[in-house]
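J.: Structure of the sequence below:
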Amino acid sequence: MDDETMLRRAMDRTTQDLPPLPDLAPVAVRLGRRRRARARLTVAGGVFGTVTAAALGLSLLSGADPGVAMPAAPPAAFPSAYHTPVQVQPTPGQQPPEKLSDAESARHAQFQQQVSALLDELLPASVEDIRPVADEVSSYRITAGGKTFPVTLSIRPAEGERLQECRNQPPKLRCEKTDLGGGRTAQVYEMAVNRTDTLGAMVVTRYGRSNVLLSVDPSDTASAPVTGAQLLTVVRDARFTDLLKYADAYPVQKKDAPVKGG
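T.: As a prediction, the model looks like this:
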């Protein structure tokens with residue numbers, strides 16, 4: 001029995017009494033074709049001025065080295081249903097991941113698999129692979145053009161908070177407010193991060209009692225292979241909303257250090 005089969009069976013046993021995650025099974029069926037198409041495409045980037053997430057009033061998990069090497073591809077038995085987690089060592093000064101119970105760790109891992117499968121389908125074809133970061137439920141890594149880029153999906157309890165207004169500082173920062181329907185809005189940001197020639201993108205919104213942030217940061221040398229508009233496509237997808245609904249009802253992150261837009 002291979003490692004992935006053993007892991008999945010163990011996760012099934014430890015999570016049998018937990019609330020079920022949304023059923024995204026149809027996503028996995030289509031991923032193999034998309035990955036083959038992605039390998040044939042290239043990445044285009046843009047340039048904005050320098051700004052950091054701190055300038056937007058955002059409070060996120062500390063970033064890890066975006067240049068971390070990706071592990072080998074998943075075994076052939078799981079070409080489209082399992083995304084092998086990548087191990088990332090904490091950077092100096094970063095707190096190590098909180099120790100969780102076996103059941104809670106398995107629930108977080110299952111949630112990351114669902115997110116990875118959906119992002120793998122919805123992100124542009126230039127994204128060749130996506131992996132969850134082990135023991136960091138909000139962190140992922142994508143590869144495009146042979147480079148690795150950090151992805152964050154933060155769904156953090158923040159009852160009573162609201163999004164601040166968009167703040168534009170062209171060319172350093174561009175923000176556009178958009179309607180998601182159902183009384184919900186989102187803020188779509190595109191900005192240069194760390195240096196003047198590396199562009200990042202993010203979408204900030206709320207769902208229920210939670211603040212939500214989806215972002216793709218640049219690597220050390222290249223802009224993110226995903227635009228704000230492409231992230232918005234993910235946020236608008238009904239299956240993404242199902243994941244938000246689950247994480248809002250059964251949080252996978254703590255209430256401290258909430259995410260704010262503005």
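J.: Sketch out the low-pLDDT regions of the stretch 1-150 of the chain for me.
T.: When residues are selected by pLDDT under 70, those of the stretch 1-150 of the chain lie in 1-19, 23-81.
J.: Tell me how far S223 lies from N168.
T.: Distance of S223 to N168, computed by CB to CB, to the nearest Å: 19 Å. In this view, the C-beta of every residue, glycine as well, is placed from N, C-alpha and C.
J.: Can you check the pLDDT for the closest residue to Y140 other than its chain neighbours?
T.: Nearest non-adjacent residue to Y140, counting by CB to CB, 6 or more residues apart in numbering: V151, 4.0 Å away. On pLDDT, V151 comes in at 98.
J.: mind listing what the strand ranked longest in the chain pairs with, with the direction of each?
T.: The strand that spans the most residues within the chain, counting by DSSP state E, is strand 147-157. If you go by DSSP bridges, strand 147-157 pairs up with strand 139-144 (antiparallel), strand 210-216 (antiparallel).
J.: For the longest one, C-alpha coordinates in CSV please.
T.: Output of strand 210-216 as CSV, limited to C-alpha atoms (Å, rounded to 0.1, in the frame of the first residue of the first chain):
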residue,chain,number,x,y,z
SER,A,210,-15.0,36.0,8.3
ASN,A,211,-12.4,38.2,6.5
VAL,A,212,-11.2,36.6,3.3
LEU,A,213,-8.0,37.2,1.4
LEU,A,214,-6.7,35.4,-1.7
SER,A,215,-3.3,36.5,-3.0
VAL,A,216,-0.5,35.5,-5.2
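J.: Looking at the protein, which helix is longest?
T.: Ordering each helix of the chain by length in residues (DSSP state H) puts helix 102-122 first.
J.: number of nearby residues for the residue nearest to Y140?
T.: Number of residues near V151 (other CB atoms under 10 Å) recorded here: 26.
J.: For it, list the residues it contacts.
T.: L119, I130, S139, Y140, R141, I142, L214, S215, V216, D217 (CB atoms under 8 Å, 6 or more residues apart in numbering).
J.: Any chance of JSON lines for these, columns distance to D248 and neighbour count?
T.: What follows is those, written out as JSON lines (distance: CB to CB, whole Å; neighbours: other CB atoms under 10 Å):
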{"residue": "L119", "distance to D248": "19", "neighbour count": "24"}
{"residue": "I130", "distance to D248": "23", "neighbour count": "25"}
{"residue": "S139", "distance to D248": "19", "neighbour count": "25"}
{"residue": "Y140", "distance to D248": "19", "neighbour count": "23"}
{"residue": "R141", "distance to D248": "25", "neighbour count": "22"}
{"residue": "I142", "distance to D248": "25", "neighbour count": "24"}
{"residue": "L214", "distance to D248": "15", "neighbour count": "25"}
{"residue": "S215", "distance to D248": "19", "neighbour count": "25"}
{"residue": "V216", "distance to D248": "22", "neighbour count": "27"}
{"residue": "D217", "distance to D248": "25", "neighbour count": "20"}
